[in-house]
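Student: Could you look at this predicted model? Sequence included:
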Amino acid sequence: MADPWGDIRRRLATSPAPRIGLPLAGAIILLDQVSKWLVLDKLNFSPEGCLEFQRASGEERIGLANTCGHIEVSPVFDLTMVWNKGVSFGLFGADGPLGRFVLVAFSLLVAGALIAGLLSYGPLKAARRLQAVAFGFIIGGAIGNAIDRVLYGAVVDFLNFSDVYFPYVFNIADVGINLGVAAIILDLLVNDRKPAADR
């Protein structure tokens, strides 16, 4: 009889990829959720009315007060509360329960496929250390934002560099996802330049 847990334990013990990627994913999730807790709980960046204001659009905002928190930290960086209904950097907004369910399901599917890849299952295998790092960053970011959508119906964004003409407010999970994508691109560039025998 097959022992799937024994096989997973063996892969964890013999391959460096899960030992790199899984702790990194856990660290991203922890940093992301702790930072969001600090913003929501300790700084009280989303008092009553903030979420409603953020969810409203256009004419719906008439008569609603923007109670969301904002702290100017430096000339180039602010903390600004934004409830994001879309994916990273507010792209592809999803209003309503169905849209949120689709985004949560997609995030968990991506994270599951990459976890499988760290364990050398499925088509997306992390064969190199940089790929394991990339997978870990993306897994952590995807799960971090999925947790927000389940808990609040939107993602907590608060890192704001708009004073240097970067128009998006984001969070640590978004940073993880983007670092992961950058690491995948870097891995492709580095390894495409190596002779096949050295890969």
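Tutor: Looks like it came in fine. Numbering: from 1, shown residues only.
Student: Which secondary structure element is home to residue 34?
Tutor: According to DSSP states H and E, residue 34 maps onto helix 16-37.
Student: elements contacting the helix or strand just after that helix?
Tutor: Downstream of helix 16-37, the next assigned helix or strand under DSSP H and E is helix 50-55. Counting contacts by 3 or more Cβ pairs under 8 Å, 6 or more residues apart in numbering; DSSP states H and E, helix 50-55 packs against strand 78-84. (C-beta placed from N, C-alpha, C; glycine too.)
Student: so after the strand it packs on, what's the next helix or strand?
Tutor: Following strand 78-84 in sequence order, the next helix or strand is helix 96-118 (DSSP H and E).
Student: now for whichever helix or strand comes after that following helix, which elements pack on it?
Tutor: Using DSSP H and E, the helix or strand that directly follows helix 96-118 along the chain is helix 129-152. With contacts taken as 3+ Cβ pairs under 8 Å, 6+ apart, helix 129-152 sits against helix 16-37, helix 96-118, strand 155-160, helix 172-193.
Student: Compute the first-to-last residue distance for stretch 116-130.
Tutor: Stretch 116-130 has an end-to-end distance of 16 Å (criterion: Cα to Cα, to the nearest Å).
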